[in-house]
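>>> Any chance you could fold what I've pasted below:
(chains A and B)
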Amino acid sequence: MSAVPELRITLAGTERSVAAGTTAGQALEADGRTVIAARVGGELRDLAWELSEGDAVEPVEISSEDGRAILRHSAAHVLAQAVQELFPEAKLGIGPPVENGFYYDFDVAEPFTPSDLKRLEKKMQEIVKQGQRFDRREVTDDGAREELATEPYKMELIGLKSGADQAADGASVEVGEGGLTIYDNVHPRTGELCWKDLCRGPHLPTTKAIPAFKLMRSAAAYWRGKETNPQLQRIYGTAWETKDALKAYLTFLEEAEKRDHRKLGTELDLFSFPDEIGSGLAVFHPKGGVIRKEMEDYSRRRHEQAGYEFVNTPHATKAKLFEKSGHLDWYADGMYPPMQLDGGVDYYLKPMNCPMHHLIFDARGRSYRELPMRLFEFGTVYRYEKSGVVHGLTRARGFTQDDAHIYCSKEQMAGELDSLLTFVLDLLRDYGLDDFYLELSTKDPEKYVGTDEVWEESTEALRAAAEKQGLELVLDPAGAAFYGPKISVQARDAIGRTWQMSTIQVDFNMPERFDLEFTAADGTRQQPVVIHRALFGSIERFFAVLLEHYAGAFPAWLAPVQAVGIPIADEHVPYLERFAERLRGEGLRIDVDSSDDRMQKKIRNAQKQKVPFMLLAGDEDIAKGAVSFRYRDGSQKNGVPLDEAAEEILAAVRERR
RNA sequence: GCCGGCGUAGCUCAAUCGGCAGAGCAAUCGCCUUGUAAGCGAUAGGUUAGGGGUUCGAUUCCCCUCGCCGGCUCCA
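Predicted coordinates:
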């Protein structure tokens, strides 16, 4: 009898010997950790994965990013099993984990109803309770075809895997390398096969290991995301490592709903979308208008200081301009249809400002002495967004960009990009966003204009500028537009959601198309580099982001009403009115609530309007020449002398608090 | 655009089976004169999104249009 052969593996960083035939699960058990899967040689594997000589095994815990993905993917399988048990005619699409949850697509005759979801959730609970094992087995392409003959969509995926009709619709589907695998759901006691699915894995050891899940909604989705493909019914769910984590997520969703800018816009009387005007076209009410004005004023001031020149361009133009820029070739669908004028001339509403700025640059001969030339405009543009994608202020059909184009020499480009990024981040911080990461979109080798050399140079300049900021930098390989590399600033808001904010985009195409040039010091004519940038993206969108970030409680400098005077009784109105008048003289926005309501009600109203400062005055305050502060967080400070009170509010506004 | 859901007073929502369209808040007008989140009363407010159909009768059932909401990107 020979000794049991041994394998040498690296277990969570330390070298170990284990018996041949040991699985990842067994190896990690010795480590005494609660794990649901393993990374074996960097690849995610089930715990049942058999180890080989030299494998490096790392535990994957359920609360890790990978662990959650595995949990959610397993939950998707349980959902699919439940669906096929209750709707035997349902055909399977795909069921991946997604951020915060999972989905699974099904081809069914009738869309799922909310009560279907309830039944499915119950069925899923039964499956989870049973503790079915996820058993993995490898199959050949032909074997998979045989087993899944009744699943047309799975068959299609097998076909894609073997490259059969990969190019048929041109859709990019990445199918994992290696053989196909099927996961069997096996009853733990009877060993009965309950269900199976073609799947790359990995999965949890058993369905019992799904601690908390919930089905969220169902909606249609095109098969493989292509508009021309049939629509399947998609069920979304969420799954978490503990019941508390699920609860926290549901609370987060509630919080996000409370902050929804469309809801707050109505509640705080900031803006609306009158039907009479049309989808995606907002009107700003006085309170929204003043916030917007403050946002613009501050931005203008900062741009002025940063050496921008202010220009102004019209909203409509002859088609010729967008023929020249090329937009009509590839962007016509996104534009409002043309207006035909006398003589058969087409006019368009502008979907972007760039070409008009280029014409300004090109209005006369330019000298190198004028560069960098920074042209800035709050430019209103109109884009015909598809009806289903319009969404409040964040996806509107008419909106105003804080748009600027910087024309500089190649030598100036790197320095310009560097100072620009600093400027952008500084300004965003002034508006109260301070948690950023950057995304660098680089050349798509399939589709680009300009020389490799200039791409290389500008991409490196962007990268260097980004790295200097010391922020997280995410690469978006091949994500750039054909005309130049781009850096975008992503901001996390108060509840951790990320929003794409500013973009800085180098453009090699427009200088060519518009034949832009300047005279260099040596008298030669040279082409400038164009840098396109927007900080807010659009004022409307930025407005919405700030509204949601602050949950409507804008800092004093942006608040539409900065303070409300609240008299204890009518007789105290003149005193507050005099104080308010003085503060208005200092440029503050102050109301005095002289309505018939009693003082408690006035506080409630001011509180609901999220006014930063409430100034109460009754006999006691007047006797002392003071007011009593109530802040919107509910705290208070009584008997503050008028001068001090004035200074406190002014300081808050001045310091943009 | 596609699929599904929804559309009743400024806002939030009721209205049994197809049988006179209602409440709270907001608004207006009174009364009350008040110390930290809703004082009391009265008045006004509607072509039930718009159009068509079925019916003795439609907010309710059917069709069309418009608008809004969710999803259609994260890939066995």
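
>>> If you average the pLDDT over the helix or strand residue A:102 falls within, what comes out?
Using DSSP states H and E, residue A:102 sits within strand A:101-107. Confidence over strand A:101-107, taken as the mean pLDDT, stands at 93.

>>> who does that strand pair up with?
The strands beside strand A:101-107 in its sheet (DSSP bridges) come out as strand A:91-92 (antiparallel), strand A:97-98 (antiparallel), strand A:231-240 (antiparallel).

>>> From RNA strand B, how far out is residue A:157?
Taking CB to the nearest atom of the strand, to the nearest Å as the measure, residue A:157 and RNA strand B are separated by 5 Å. In this view, the C-beta of every residue, glycine as well, is placed from N, C-alpha and C.

>>> Count residues in the vicinity of that residue, would you?
Using other CB atoms under 10 Å, the number of residues around residue A:157 comes to 19.

>>> count of residues packed around whatever residue of the stretch 301-450 of chain A ends up closest to RNA strand B?
Among the residues of the stretch 301-450 of chain A, residue A:388 lies nearest to RNA strand B; the distance is 1.9 Å by CB to the nearest atom of the strand. Each residue near residue A:388 was counted by other CB under 10 Å, and the total is 6.

>>> That one in helix, strand or coil?
Remark: residue A:388 carries the secondary structure label coil [criterion: DSSP: H, G, I helix; E, B strand; the rest coil].

>>> who in the stretch 451-600 of chain A is up against RNA strand B?
Taking CB under 7 Å from any atom of the strand as the test, the list of the stretch 451-600 of chain A residues beside RNA strand B reads A:568, A:569, A:570, A:571, A:595, A:596, A:597, A:598, A:599, A:600.

>>> Identify the residues contacting the first one.
Pointing back at residue A:568 there. Applying CB atoms under 8 Å, 6 or more residues apart in numbering, we find residue A:568 in contact with A:599, A:616, A:617, A:618, A:619.

>>> before we move on, could you check phi and psi at it?
Recorded main-chain torsions at residue A:568 are phi -70, psi -40, according to degrees, to the nearest 10.

>>> if I look at it, how far off is residue A:603?
11 Å (CB to CB, to the nearest Å).

>>> Between the two, which contacts overlap?
Taking CB under 8 Å, 6+ apart as the contact rule, the neighbours common to residue A:568 and residue A:603 are residue A:616.

>>> which of the strands paired with strand A:101-107 is buried the deepest?
Neighbour counts (mean count of other CB atoms under 10 Å) averaged over each of the strands paired with strand A:101-107 peak at strand A:231-240, with a mean of 22.

>>> which other residues reach it?
Residues lying outside strand A:231-240 but in contact with it, judged by CB under 8 Å, 6+ apart, are A:68, A:71-72, A:75-76, A:79, A:83, A:93, A:98, A:100-108, A:111-112, A:117, A:120, A:153, A:210-223, A:246, A:249.

>>> State the next helix or strand along the chain beyond it.
Toward the C-terminus from strand A:231-240 - assigned by DSSP H and E - lies helix A:243-259.

>>> Any buried residues in that following helix, and which?
Neighbour-count burial for helix A:243-259, with 16 or more other CB atoms under 10 Å as criterion, is recorded at A:245, A:246, A:249, A:259.

>>> same for that helix, what does it pack against?
Taking 3 or more CB pairs under 8 Å, 6 or more residues apart in numbering; DSSP states H and E as the contact definition, the neighbouring helices and strands of helix A:243-259 are strand A:212-222, strand A:231-240, helix A:539-549.

>>> Distance check, the residue nearest the centre of chain A against residue A:576.
Central residue of chain A (CA atoms, centre = their mean): residue A:499, 4.1 Å from the mean position. Using CB to CB, we find residue A:499 at a distance of 39 Å from residue A:576.

>>> Which residue does the stretch 401-550 of chain A have closest to RNA strand B?
Closest point on the stretch 401-550 of chain A to RNA strand B, by CB to the nearest atom of the strand, is residue A:544, at 11.2 Å.

>>> my read: that residue touches residue A:392, true?
Yes - taking contact to mean CB atoms under 8 Å, the distance of 6.1 Å between residue A:544 and residue A:392 places them in contact.

>>> Mind listing the shared neighbours of those two?
Jointly contacting residue A:544 and residue A:392 under the rule CB under 8 Å, 6+ apart are residue A:261.

>>> higher neighbour count, those two?
Comparing residue A:544 with residue A:392 by neighbour count (other CB under 10 Å), the higher total belongs to residue A:544, at 26 against 20.

>>> show me what contacts the more buried one?
Under the criterion of CB under 8 Å, 6+ apart, the contact partners of residue A:544 comprise A:261, A:392, A:393, A:394.

>>> so what's the last one up against?
It stands for residue A:394. Contacts of residue A:394 were listed using CB under 8 Å, 6+ apart, and they are A:261, A:540, A:541, A:544, A:545.

>>> Tabulate those residues in TSV, adding columns for pLDDT.
Listed next are these as TSV, based on pLDDT from 0 to 100:
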residue	pLDDT
A:261	95
A:540	95
A:541	94
A:544	95
A:545	95
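
>>> Just give me the closest of those to residue A:204.
Of all these, residue A:545 has the smallest distance to residue A:204: 37.4 Å, by CB to CB.

>>> Counting neighbours, what do you get for that closest one?
23.

>>> Next one: the residue in the stretch 501-650 of chain A that RNA strand B sits nearest to, what pLDDT does it get?
Residue of the stretch 501-650 of chain A nearest RNA strand B, by CB to the nearest atom of the strand: residue A:618 (2.4 Å). Residue-level confidence at residue A:618 comes out at 95, pLDDT.

>>> what do you get for residue A:312?
We have a pLDDT of 96 for residue A:312.

>>> just checking, it touches residue A:376?
No - when contacts are counted by CB under 8 Å, residue A:312 is not listed as touching residue A:376 (10.1 Å).

>>> Mind checking which of these two has more residues around it?
When neighbours are counted by other CB under 10 Å, residue A:376 comes out ahead of the other of residue A:312 and residue A:376, with 22 against 9.

>>> Make sure I have this right: the more buried one is in a strand.
Yes - the assignment for residue A:376 is a strand, going by three-state DSSP.

>>> Who does it form a beta bridge with?
Partner residues in beta bridges with residue A:376, using DSSP bridges, are residue A:310, residue A:404.

>>> Am I right that it is in contact with residue A:311?
Yes - counting by CB under 8 Å, residue A:376 sits close enough to residue A:311 to count as a contact (6.9 Å).
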